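Undergrad: quick check, what structure comes out for this input:
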Amino acid sequence: METTLPTRRRRWLSLAKLTFRLAILILVGYGIWGTVLQAGEDLAARDFQLRDLRPGWMILASLIYLAALVPCWRFWHRILQVMGQQPTWRETARAFYIGHLGKYVPGKAMVVVLRTTLVRSSRVNTAIAASTVFVETLTMMAVGAFVAAGILGLMFREQRGLMLLALGLMVCAGLPTVPPIFRKIVKLLGVGKVSGDVDLDVALRGLTGRVMAVGWLTIAVGWGLMGLSLWAVMQATGSEVVSLQDWPLLTACVALALVAGFLSLLPGGIGVREAVVTTLLAEPFGAGPAVISAILLRLTWLGGEMVLGGLLYALKPRANEENILSEGSPALPEQVSSVS
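TA: The predicted structure is shown next:
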């Protein structure tokens, strides 16, 4: 009996692990399939033919988008470090890019589930990992709204309504990430002790204004690259009217569209993103090219996320293979704030 029980337990754990993974794959796959079908229907309604596309520009747009996410990935990795965790760069990159596919599942919660599950280990505590996902995501959205508001306010003052919308979205997304406010939110939620000797309140002391400021600056660069990705998508459609001089408008367009789509809580911001892109691009480029570019932008980014996510999923870090269902409890350093 002494040898039978551990064997049965291992079998049940293996079955639970397999069931959990299959459930996630089904949910993510369902969300992605729905997004692709909706995009296909929208393109068909516009009588757009895929054979008219320039595939080289589509590939370039996808690569630029994936590069635009690098500052966000590095910021997330940094937050984990200052909160006393010790993930490897490979672990956080894998969790970050695969986790992006979770946004196509209703409610956005799957992003947190995927990232936390993939990054946790004996060196990364589950609750702390989850809290850092919220900080990184909301910071990315706040920076995007700020960039959009700044560009619209300086260069496109006729879009006063959208500028005010961007400022409002910036406050909604950014206010909870201000370190003192975020610590209070954690206390109000009654998190306290989360696992073993790890205290989330103590870990949060590493989340300083300096760390957040560096994150804002680097993520702003990423938003600029996303605007460049939209420019490449418009080149793929054969549009002759768009040029690099339109980069600021395209950046504001992408930033505002993604932030509004995120806060809508719809899967992938479906419909909301397209509405914002169309509103900003219809006047300078025409309603038809604006709608088609908005739809193709979604498909291009989704394709890049799926390819890179699949590659990273196959390259599974050995350190996490035995910890996928376990709660890690890394020891915090005595002075979290001393990590630089």
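
Undergrad: can you map out the helices along the chain?
TA: 4-45, 55-68, 70-82, 89-99, 109-119, 126-155, 160-174, 179-188, 200-203, 209-236, 247-264, 272-285, 287-314, 318-321 (DSSP state H).

Undergrad: Ala220 - how many residues pack around it?
TA: 17 (other Cβ atoms under 10 Å). Just so you know, the C-beta spots here come from the backbone N, C-alpha and C atoms, and that holds for glycine as well.

Undergrad: these two touch, right, Thr237 and Ala290?
TA: No. In this structure, Thr237 is not within contact of Ala290 by Cβ atoms under 8 Å, at 10.4 Å.

Undergrad: the helices of the chain: lowest mean pLDDT?
TA: Mean pLDDT is lowest for helix 318-321 out of these, coming in at a mean of 48.

Undergrad: how far away is Met155 from Leu53?
TA: 30 Å (Cβ to Cβ, to the nearest Å).

Undergrad: grab the nearest non-local neighbour of Leu308.
TA: Tyr97 (5.3 Å; Cβ to Cβ, 6 or more residues apart in numbering).

Undergrad: list the residues that contact that neighbour.
TA: Leu66, Leu69, Trp73, Glu305, Leu308, Gly309, Leu312 (Cβ atoms under 8 Å, 6 or more residues apart in numbering).

Undergrad: can you get me a residue count around the fifth one?
TA: When neighbours are defined as other Cβ under 10 Å, Leu308 has 21 of them.

Undergrad: from Gln81, how far off is the nearest residue to Ala282 once chain neighbours are set aside?
TA: With Cβ to Cβ, 6+ apart as the criterion, Ala282 has its nearest non-adjacent residue at 4.4 Å, and that residue is Ala290. Between Ala290 and Gln81 the distance, using Cβ to Cβ, works out to 42 Å.

Undergrad: these two: which is more packed in?
TA: More crowded of Ala290 and Gln81, by other Cβ under 10 Å: Ala290, with 21 against 18.

Undergrad: tell me the contacts of that one?
TA: Val277, Thr278, Leu280, Leu281, Ala282.

Undergrad: of those, just say which sits nearest to Gly209.
TA: Closest approach between the contacts of Ala290 and Gly209, by Cβ to Cβ: Leu280, at 32.5 Å.

Undergrad: many thanks, we can stop here.
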